[in-house]
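Peer 1: Okay, here's the prediction I keep looking at, along with the sequence it came from:
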Amino acid sequence: MPRASRYQNRIELLQGTLDLLILQTLRWGPQHGYGISQAIRSQSGEVFQVDTGSLYPALHRLQKQGQIDSEWKVSENRQRVKEYRLTAQGKKQLVSERSRWKQVMAAMAGILNPSAGESKA
C-alpha cells in the first residue's frame, strides 16, 4: 500500500480502544512509551498511529487505575526511560476488555453482514 494512502486511511480509535491496545501490547512484555506506540503501529499494519498527546495520558490513567506499573530504567542507548508493565489487575482487565471487544466485533458483523433473506443495503 502506498505510504500516502496508508496515512489517509488511518482510523480514529474508539474511546477505550487505546487502553485495550496498550494492555495487549504490555501483555507481550514490559515496554517504554515509544516502544508501545511503535508496537501498536507495526502490529496494526500502520493503520493505528498513537501520538504522544494520546498515549501518555492513557498510560497515566492506566497506572492510576492500577492496571499497569512503571519504573525508570536505562535503555540500550543509555537514556533514562520509564518502562511500563502489566499488573495482575491489568491482566484481568485485558481479559474483560478482549471479551467486550469480541462482542463489539460480532455486533458490527451482524450489522454489516446481515444473514441471507434480510433486506440488504
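Peer 2: Cool, the structure landed. Residues are numbered from 1 along each chain as shown.
Peer 1: Past the lowest-mean-pLDDT helix or strand in the chain, which element shows up next along the chain?
Peer 2: Least confident helix or strand of the chain, by mean pLDDT, DSSP states H and E, is helix 3-8 with a mean of 50. Later in the chain than helix 3-8, the nearest helix or strand by DSSP states H and E is helix 17-27.
Peer 1: pLDDT on that next one, on average?
Peer 2: Average pLDDT, helix 17-27: 96.
Peer 1: Would you mark the buried spots in it?
Peer 2: When burial is assessed from 16 or more other CB atoms under 10 Å, helix 17-27 yields the following buried residues: 18-26. Every residue, glycine included, has its C-beta placed from N, CA and C.
Peer 1: List of residues touching it?
Peer 2: 13, 31, 36, 39-40, 43, 48, 50, 54-55, 58-59, 61-62, 67-68, 84-86, 90-91, 93-94, 97-98, 101 (CB atoms under 8 Å, 6 or more residues apart in numbering).
Peer 1: got it, and stretch 62-80?
Peer 2: 19, 22-23, 26, 32, 59, 81-87, 89-90, 93.
Peer 1: what about it, average pLDDT?
Peer 2: 94.
Peer 1: How about stretch 107-114?
Peer 2: Taken as a whole, stretch 107-114 has an average pLDDT of 93.
Peer 1: Alpha carbons only: can I get it in PDB?
Peer 2: Listed next in PDB are the C-alpha coordinates belonging to stretch 107-114 (Å, rounded to 0.1, in the frame of the first residue of the first chain):
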ATOM      1  CA  ALA A 107     -22.400  -6.900  16.700                       C
ATOM      2  CA  MET A 108     -20.700  -4.900  13.900                       C
ATOM      3  CA  ALA A 109     -20.500  -8.100  11.700                       C
ATOM      4  CA  GLY A 110     -24.200  -8.700  12.300                       C
ATOM      5  CA  ILE A 111     -25.000  -5.200  11.100                       C
ATOM      6  CA  LEU A 112     -22.500  -5.100   8.200                       C
ATOM      7  CA  ASN A 113     -23.200  -8.600   7.000                       C
ATOM      8  CA  PRO A 114     -26.800  -9.400   7.800                       C
END
